[in-house]
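K.L.:
generate a structure from the sequence data that follows.
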Amino acid sequence: QNTIIVIPARMAATRLPGKPMADIHGIPMIVHVWRRAIEANVGRVLVAAAEIEIAEAIHDHGGDAIVTTPGLPSGTDRIAEALGLRDPGGQYRFVVNLQGDLPVIDPLSIQRCLAGLVNESAAISTIAAAIDDPADVANPNIVKAIAPLSAEREVAFARDFVRTLGSQHAPPY
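P.N.:
Below you'll find the predicted structure:
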């Protein structure tokens, strides 16, 4: 009851403009992401849209969306504005930032990410996946979580987040 999932979305993605409205089996990508958030069943779900067409797509499928300032510099800023407009009293204790380009995310992963906040004394929890492709390791557009993960350990506290790995960082990535 005190959790909200906020999905930031904007049409001006540099690598794939219009990404939230990309058609996946006749349904916009953002609607697929919203559905996965609903399926996680951890609380209210709100799409923080930079453009009215994104909000309308969510409304057309029965969801909740709010239009934010289009020129905000990041998804985090979009979430902060949406929460300020929709929840000015700060009633939500937990806020899940679900990226708007994860149409096949497992709802269980969303639950597990939230569990990192509920069960630990952490202020932020994130989902990370192993990077196997050397091109992805070198790509500065992919943020890397520096955490002691292994085949035996799938949950860890991250020490840092970086875009470029240095010689002090050893695999697995």
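K.L.:
so where's the chain shaky on pLDDT?
P.N.:
For the chain, residues meeting the criterion pLDDT under 70 lie at 1, 119-120, 149-161.
K.L.:
where do the helices of it begin and end?
P.N.:
Listed in chain order, the helices of the chain (DSSP state H) span residues 29-40, 52-60, 75-86, 107-118, 134-138.
K.L.:
return stretch 124-136 as CSV; C-alpha atoms alone will do.
P.N.:
Extracted in CSV, the C-alpha atoms of stretch 124-136 (Å, rounded to 0.1, in the frame of the first residue of the first chain):
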residue,chain,number,x,y,z
ILE,A,124,18.1,2.4,-3.3
SER,A,125,17.8,-1.0,-4.9
THR,A,126,18.5,-1.8,-8.5
ILE,A,127,18.3,-4.8,-10.8
ALA,A,128,21.5,-5.7,-12.7
ALA,A,129,22.3,-8.4,-15.2
ALA,A,130,25.5,-10.0,-16.2
ILE,A,131,27.2,-8.5,-19.2
ASP,A,132,28.6,-11.2,-21.5
ASP,A,133,29.2,-9.3,-24.8
PRO,A,134,32.6,-7.5,-24.9
ALA,A,135,31.0,-4.7,-26.9
ASP,A,136,28.6,-4.1,-24.0
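K.L.:
I'd like the helices of the chain as a markdown table, with mean neighbour count and distance to I5 appended.
P.N.:
Glycine gets a C-beta too; all of them are placed from N, C-alpha and C. Shown next, in a markdown table, are the helices of the chain (neighbours: other CB atoms under 10 Å; distance: least, CB to CB, whole Å):
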| stretch | mean neighbour count | distance to I5 |
| --- | --- | --- |
| helix 29-40 | 22 | 5 |
| helix 52-60 | 18 | 13 |
| helix 75-86 | 18 | 10 |
| helix 107-118 | 16 | 7 |
| helix 134-138 | 11 | 26 |
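K.L.:
in JSON lines: these, plus distance to G18.
P.N.:
Output for those, formatted as JSON lines (distance: least, CB to CB, whole Å):
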{"stretch": "helix 29-40", "distance to G18": "10"}
{"stretch": "helix 52-60", "distance to G18": "9"}
{"stretch": "helix 75-86", "distance to G18": "16"}
{"stretch": "helix 107-118", "distance to G18": "25"}
{"stretch": "helix 134-138", "distance to G18": "24"}
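K.L.:
nice, that's everything, thank you.
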